[in-house]
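what would the 3D arrangement of this be:
(one chain, ligands or ions: 1)
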Amino acid sequence: MYAQDSPHTTTTTERGSFALARCSCGWTGPARRSRDKARTDATDHLRTAADPEA
Ligand SMILES: [Zn+2]
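Predicted coordinates:
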């Protein structure tokens, strides 16, 4: 079984009318017009960070 804790903790930040995802590992997603898109970026980052082969 894999441990649940991860070095990747994502949050979304708003910059004016844009939203972007950030991660505790230092990764930052692109600025998005919608927070939903930023959340999707964060989810994608978590998936690829957890499975480098993806
Ligand atoms: Zn990360």
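
the spatially most central residue of the chain: which element?
The chain has Ala42 as the residue nearest its centroid, 2.1 Å off, counting by CA atoms, centre = their mean. Secondary structure assignment for Ala42, by DSSP states H and E: helix 35-50.

next up, the contacts around the residue nearest to the centre of the chain.
Thr10, Thr11, Thr12, Ala21, Cys23, Gly29 (CB atoms under 8 Å, 6 or more residues apart in numbering). Quick note: C-beta positions are derived from backbone N, CA and C, even for glycine.

the second one: neighbour count?
Right, Thr11. Other residues within reach of Thr11, judged by other CB atoms under 10 Å, total 11.

may I ask which helix or strand encompasses it?
strand 10-15.

give me every residue in this structure lying close to the ion.
Within the chain, the positions near the ion by CB under 5 Å from the ion are His8, Cys23, Cys25, Trp27, Ala49.

lowest pLDDT pick from those?
Note: of those, the lowest pLDDT belongs to Ala49, at 89.

how about the nearest residue to it, chain neighbours excluded?
The spatially closest residue to Ala49, leaving aside those adjacent along the chain, is His8, at 5.0 Å (CB to CB, 6 or more residues apart in numbering).
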